[in-house]
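Visitor: Pasting the sequence and the predicted coordinates here, then a few questions.
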Amino acid sequence: MSFPALHIDTVGSQGQDIVLLHGWGVNNQVFSPLKNALHQYRVHYVDLPGFGLSPNIDGGITQWSQALAEQLPQQAIWIGWSLGGLIASQIAIDYPESVAALVTIASSPCFMARESVMTSGIDDISPAWPGIQPDVLAQFSSQLSRDLSRTVERFLAIQAMGSDNPKADIQQIKSLVLSKPLPTQQGLSQGLDMLAQVDLRATITQIQRPWLRIWGKLDSLVPRKIISSLPSSDNIEDVLLHKASHAPFISHPDAFLDHLLPWITKYR
């Protein structure tokens, strides 16, 4: 299957390849605050399908992951924020040769909240999974066709909830991402479907590459409670930023980089 070429801004001509995948509703400009800190690397700032300057790609996370794996260097360090972290995790599962190391930022293998379910017997009940309430994503989905820009703005506001300076964080994200066209309705709808439906909890144990997971303690979209329910192993490191919300590289860039930079240096 052939895919249209995605828009990828590559900065730097030498050093370890790093791939950055943004979240829902934005584009690669959201990572602008990191450019100076990553100047020693060859960094690929990706616009996901239907976002920024990238064309739409039909299908779901499987097709998006394949297109990304085909169009980006192998053995790169993949850094994904929110939805981008979900996609980067899928790539680490399906295309391990593409990934030298994985970093997920405020990202969950299953973004949608799940109710408690009985698995086999009356005393064997799977606990509820914390996440986004189904009615929240349903509202965004229904609003997409009515007011695209307002829907994106509302989602940005949710991302900043819990932050020390939510208005400043929202304004910074908006000013960065509005330098490019608004996402397509198809891209937004596909992204929402992934947030609502994709569940990698059973397959992330296949990820054997070094994996840094960065969380915001005040995050309202990806509750820190999920950390204790996720698999842990020698290749995984968790960092909880106590004052950060869903966009720690925006709200607390120094604390974020204090953890990220020493970690990725090990895999240059």
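Guide: Okay, I see it.
Visitor: hey, let's count contacts and neighbours off CA atoms from now on
Guide: Fine.
Visitor: What is the burial count for Val103?
Guide: By other Cα atoms under 10 Å, 24 other residues sit near Val103.
Visitor: what do you get for Ala255?
Guide: Residues within reach of Ala255, counting by other Cα under 10 Å, total 15.
Visitor: now swap in Leu195 and tell me
Guide: Neighbours of Leu195 using other Cα under 10 Å come to 21.
Visitor: do the same with Leu257
Guide: 16.
Visitor: do you know how far Ala92 is from Ser145?
Guide: Distance, Ala92 to Ser145, using Cα to Cα, to the nearest Å: 33 Å.
Visitor: between the two, who's got more neighbours?
Guide: Just comparing Ala92 and Ser145: by other Cα under 10 Å the higher neighbour count belongs to Ala92, 25 against 11.
Visitor: Report the buried residues of the strand or helix carrying Leu260.
Guide: Here Leu260 sits within helix 253-265, counting by DSSP states H and E. By neighbour count on 16 or more other Cα atoms under 10 Å, the buried set for helix 253-265 is Phe256, Leu257, Leu260, Trp263, Ile264.
Visitor: Kindly report the same for stretch 217-224.
Guide: Applying 16+ other Cα under 10 Å to stretch 217-224 flags Lys217, Leu218, Asp219, Ser220, Leu221, Val222, Pro223, Arg224 as buried.
Visitor: So what's the gap between that stretch and the chain middle?
Guide: Relative to its parent chain, stretch 217-224 has a centroid offset of 14 Å by Cα atoms, centre = their mean, to the nearest Å.
Visitor: end-to-end on it?
Guide: 6 Å.
Visitor: average pLDDT across that stretch?
Guide: Mean pLDDT, stretch 217-224: 90.
Visitor: Contact partners for Thr104?
Guide: Residues near Thr104 by Cα atoms under 8 Å, 6 or more residues apart in numbering: Ile79, Gly80, Trp81, Ser82, Gly85, Leu86, Ala88, Ser89, Trp211, Leu212, Arg213, Ile214.
Visitor: List just the nearest of those residues to Ala157.
Guide: Ser82 (14.6 Å; Cα to Cα).
Visitor: tell me the secondary structure for the residue nearest to that closest one when sequence neighbours are not counted?
Guide: What sits nearest to Ser82 in space, not counting adjacent residues and going by Cα to Cα, 6 or more residues apart in numbering, is Ser107, at 4.2 Å. Three-state assignment for Ser107 (DSSP: H, G, I helix; E, B strand; the rest coil): coil.
Visitor: among the contacts of Thr104, which are in strands?
Guide: Counting by DSSP state E, these place Ile79, Gly80, Trp81, Trp211, Leu212, Arg213, Ile214 in strands.
Visitor: and those residues as TSV, adding pLDDT and distance to Gln63?
Guide: Below are the ones in strands among the contacts of Thr104 laid out as TSV (pLDDT from 0 to 100; distance: Cα to Cα, whole Å):
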residue	pLDDT	distance to Gln63
Ile79	98	19
Gly80	98	17
Trp81	97	19
Trp211	98	23
Leu212	98	25
Arg213	98	24
Ile214	98	26
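Visitor: Now tabulate the residues you listed in JSON lines and tack on distance to Arg154 and neighbour count.
Guide: Listed next are the ones in strands among the contacts of Thr104 as JSON lines, based on distance: Cα to Cα, whole Å; neighbours: other Cα atoms under 10 Å:
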{"residue": "Ile79", "distance to Arg154": "25", "neighbour count": "24"}
{"residue": "Gly80", "distance to Arg154": "22", "neighbour count": "24"}
{"residue": "Trp81", "distance to Arg154": "18", "neighbour count": "26"}
{"residue": "Trp211", "distance to Arg154": "31", "neighbour count": "25"}
{"residue": "Leu212", "distance to Arg154": "29", "neighbour count": "21"}
{"residue": "Arg213", "distance to Arg154": "26", "neighbour count": "21"}
{"residue": "Ile214", "distance to Arg154": "24", "neighbour count": "21"}
